[in-house]
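> Sequence plus the predicted model coming up.
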Amino acid sequence: MRLCLVLTARPEFHPPWTMVAHLTAFTLRRLAPAEVGRLVTHVVGDKAFPLAALQEVVRKTDGVPLFVEELTKTVLESGLLEEHEDRYALQGPRPPLAIPATLHDALLARLDRLAAAKVVAQLGATIGRTFAYDVVQAVAPLDAATLQGALAQLVEAEVVAQRGLPLQATYTFKHALIQDAAYQSLLRSTRQQYHQRIAQVLAERFPETAETQPEVLAQHYTAAGLHAQALSYWQRAGQLALERSAHREAVGCFERALSALQHLPETRDTREQAIDLRLALRTAFQALGDFGRILVLLREAETLAETLDDPYRLAQLSGFLSNYLYQTGAYDQAIAAAQRALVLATASGEIVPHALANRFLGTAYYAQGDYHRAIACFEQTVASLDGARRHDRFGLPILPAVASLAQLAMCYAELGIFAEGIALGAEGLRIAEAVAHPGSLMYALWGLGLLALRHGDLPRALPLLERAVGICQDADLPFYFPRAAAALGEAYTLVGRVADAVPLLTQATEQATAMAVAYFETLCRLALGESQMLAGCQGEAHTLAGRALVLTREHQERGNQAYALRLLGDIAARREPADIAQAEVHYRQALTLATELGMRPLQAHCHRSLGTLYSQAGRDALARAALSTAIEMYRAMDMTFWLPTAEAVLAQVERQ
């Protein structure tokens, strides 16, 4: 009888292949994540499986079908899931999944067969999923020959995969569950000893790892129960994450540092560290646009600082509170908090908190449209942060010097002082490029791009703003995206790319509204309203402009209020038939406010809009006067983008 025998075999077993007349061998590949999902669905049945639990199954099993099936069954039997009619739901956050009992004994038996190599597997598992030969050699209590033999045995048994020549190799456990089994086979006291030894060896013999990957040492010291050492390395890891704009990673590191701090005796030094860690967490949450915890962190830190009678840290806290109040649209309170920060900074005698307080104060003034006061504040910040201080972030998401220079450029843009604004913005961009910090570079590009937009220099504005928006997306800076996107969408609208502007501005508006940052929401609604108006969606445009006007009045954003009034005038002028009277009222109100605030570019736009409106109504004398004023102002500020339109309308009036 002809037989076809199909079987599976693991490399560590050697079946009697001589019994098989014709052997064809296949190496079975692991399942891809999508295939793991289908297998999990098969095991679970008709009910939906939580995505977080599925992701953990994918991570832990590495696509091995047996592991997938057993781990899924373990999750179902663990009590971690709440069963509903059509789905399972996690009862808490994504859990670390334990090795299924059905696999635990088999994996341990497999390790036991490795004899001396088991010790190396346990030590490697303590180092991590991947470990280097030179590290395991430094911590293993084995001679070189024994260690190399053990590693070769682990490779042959397919417990680990080797990359590179033996003495320079790195080894990776083939499956996360095998690493877990090797690690869990150690006594708790032995694990702690291993972790302590590994951390000490890394600190003493591998300084590059300690310098560039402090989180590795932090994890080992934490597992060893050495909280003081863990605290230091978690802080360092968080700061490095902030420097490369990895804000979610920074949150995790700083939270681990705070956890380590709770195990230490309470002293003045640990209280100061507790304040500083909360301020660092505030910075990370700020960049992510997650304001839910910021106020709590600031209040906790403030309580600690008051018990220490620490004017330096109290000044920092008042400044950060001012920034938080600005984000909620409480500008008067933000100004009061920043002024309190200035008093405390003066009492501390420290330059940096004084400079930061001025920056926060200037930001609140800018939001209110008080550009002259904002300029005075930002200039003081820039003057204080001289020399090396210009390249320091002082724990903030953006270099304060770069942010202040960018905001100076934006203030001058609103006042129509473009040459000086360009020089200041360019200086900020040079600093940001020199330090190669993504967030600071984004901010400098945005400030200079917004100035170019107000100037009408679209060939320059577009690439600057596109780079700024790109960095927001690539460097995970959701907090800054709405502002940069609002400016870019406005630029797209001006050059006729309304189809590109509308989806971008819609996304930005939704994000700004979700974050509940009033100033950002106003900017986005104004820009989207103008795009929708030009797209022919007059009803949508009017709703957006009307909501923007309400926001500006609620929060006393007088500069944005002038922009909202002008947009409402444009919408009224474009109706069929045009609402001449309503448009004139809005334009006049916008012009009055822009004149009061010194917003010369907006004044010129209002004169042009009024002149065009009067031309439509046949009021030639008023049209001629308004258009002549607009043209004169455009020429004085070198705003050539809008000149042809104004001159064409004036020429038409002159011919009538």
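Looks like it came in fine.

> Tell me who's in contact with residue 311.
344-345, 347-348 (Cβ atoms under 8 Å, 6 or more residues apart in numbering). To be clear about C-beta, it is placed using only N, CA and C from the backbone, and glycine gets the same treatment.

> try 6 Å
By Cβ atoms under 6 Å, 6 or more residues apart in numbering, the contact set of residue 311 is 344, 347-348.

> Nearest to residue 596, out of these: which one, please.
Closest approach to residue 596 among the contacts of residue 311 (Cβ to Cβ): residue 344, at 33.1 Å.

> Low-confidence ranges, the stretch 51-200 of the chain, go.
92-99, 102 (pLDDT under 70).

> Mind doing that once more with 80?
For the stretch 51-200 of the chain, the stretches flagged by pLDDT under 80 are 60, 62, 74, 77-80, 91-110, 115-116.

> Looking at this structure, which helix is longest?
As assigned by DSSP state H, the longest helix anywhere in the chain is helix 268-288.

> looking only at pLDDT, what's the mean for that one?
For helix 268-288, mean pLDDT rounds to 92.

> I'd like to know which elements it is packed against.
The contact analysis (3 or more Cβ pairs under 6 Å, 6 or more residues apart in numbering; DSSP states H and E) places helix 268-288 against helix 247-261, helix 294-308.

> sorry, back to before: only the buried subset of the contacts of residue 311, as a PyMOL command please.
Applied in PyMOL, the following selects the buried portion of the contacts of residue 311 according to 16 or more other Cβ atoms under 10 Å:
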select buried, resi 344+348
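
> Using CSV, please lay out the contacts of residue 311 together with distance to residue 221 and secondary structure.
Putting the contacts of residue 311 into CSV (distance: Cβ to Cβ, whole Å; DSSP: H, G, I helix; E, B strand; the rest coil) gives the following:
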residue, distance to residue 221, secondary structure
344, 36, helix
347, 38, helix
348, 33, helix
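
> Which of the residues in stretch 305-317 are classified as buried?
Buried residues in stretch 305-317 (16+ other Cβ under 10 Å): 305, 310-317.

> What about those residues, which are in helices?
Checking the buried residues of stretch 305-317 against DSSP H, those in helices are 305, 311-317.

> The helix or strand bottoming out on mean pLDDT in the chain: what's the following helix or strand?
Least confident element among the helices and strands of the chain, by mean pLDDT, DSSP states H and E: helix 101-112 (a mean of 76). Sequence-wise, the next helix or strand downstream of helix 101-112 (DSSP states H and E) is helix 117-127.

> tally of neighbours for the closest residue in space to residue 154 that isn't next to it in sequence?
Spatial nearest neighbour of residue 154, chain neighbours left out: residue 160 (4.7 Å); criterion: Cβ to Cβ, 6 or more residues apart in numbering. Counted with other Cβ atoms under 10 Å, the neighbours of residue 160 add up to 29.

> mind checking how far residue 160 is from residue 125?
10 Å (Cβ to Cβ, to the nearest Å).

> Centroid-wise, who is the farthest residue in this structure?
residue 1 (68.0 Å; Cα atoms, centre = their mean).

> who's in contact with that residue?
Residue 1 touches nothing, counting by Cβ under 6 Å, 6+ apart.

> if I look at it, how far off is residue 7?
18 Å.

> With residue 563 instead?
76 Å.

> Same drill for the two, tell me which one is more crowded.
residue 563 (28 against 6).

> My reading is that that one is in a strand; is that accurate?
No. Judged by DSSP: H, G, I helix; E, B strand; the rest coil, residue 563 forms no part of a strand; its state is helix.

> Hmm, it is touching residue 526, no?
Yes. Counting by Cβ atoms under 6 Å, residue 563 touches residue 526, with 5.5 Å between them.

> contacting residues for residue 474?
Applying Cβ under 6 Å, 6+ apart, no residues contact residue 474.

> pLDDT value on it, please?
So residue 474 comes in at 91 (pLDDT).

> Phi first, then psi, for it.
Residue 474 has phi and psi values of phi -80, psi -30 when expressed as degrees, to the nearest 10.

> Could you do residue 244 as well?
Torsion angles at residue 244 (phi, psi; degrees, to the nearest 10) stand at phi -100, psi 20.

> excluding its backbone neighbours, what's nearest it?
Using Cβ to Cβ, 6+ apart, the closest residue to residue 244 is residue 438 (7.5 Å).

> hang on, isn't that neighbour packed against residue 475?
Yes. Using Cβ under 6 Å, residue 438 is in contact with residue 475, at 3.9 Å.

> Show me whatever sits in contact with both of the two.
residue 245.

> and the end-to-end length of stretch 219-236?
Start-to-end span of stretch 219-236 (Cα to Cα, to the nearest Å) is 12 Å.

> Run the chain-centre distance for that stretch.
Stretch 219-236 sits 26 Å away from the centroid of its parent chain (Cα atoms, centre = their mean, to the nearest Å).

> what about the strands in the stretch 501-650 of the chain?
For the stretch 501-650 of the chain, strands defined by DSSP state E, counting those that start in this stretch do not occur.

> Flag the shaky bits of it, pLDDT-wise.
Scanning the stretch 501-650 of the chain for pLDDT under 80 picks out no residues.

> That one: helices as residue ranges?
518-534, 538-555, 558-573, 580-597, 600-616, 620-636, 643-655 (DSSP state H, counting those that start in this stretch).

> got the contact list for residue 196?
residue 224.

> could you pull out the helices for the stretch 51-200 of the chain?
51-61, 65-77, 101-112, 117-127, 133-139, 144-156, 176-184, 188-205.

> got the CA positions of the helix or strand just after the longest one in CSV?
By that I understand helix 188-205. Remark: after helix 188-205, the chain's next helix or strand is helix 207-212, criterion DSSP H and E. Extracted C-alpha coordinates of helix 207-212, given in CSV (Å, rounded to 0.1, in the frame of the first residue of the first chain):
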residue,chain,number,x,y,z
PRO,A,207,28.7,53.8,29.3
GLU,A,208,27.4,54.4,25.8
THR,A,209,24.3,52.3,26.7
ALA,A,210,23.9,54.2,30.0
GLU,A,211,24.1,57.5,28.1
THR,A,212,21.9,56.8,25.1
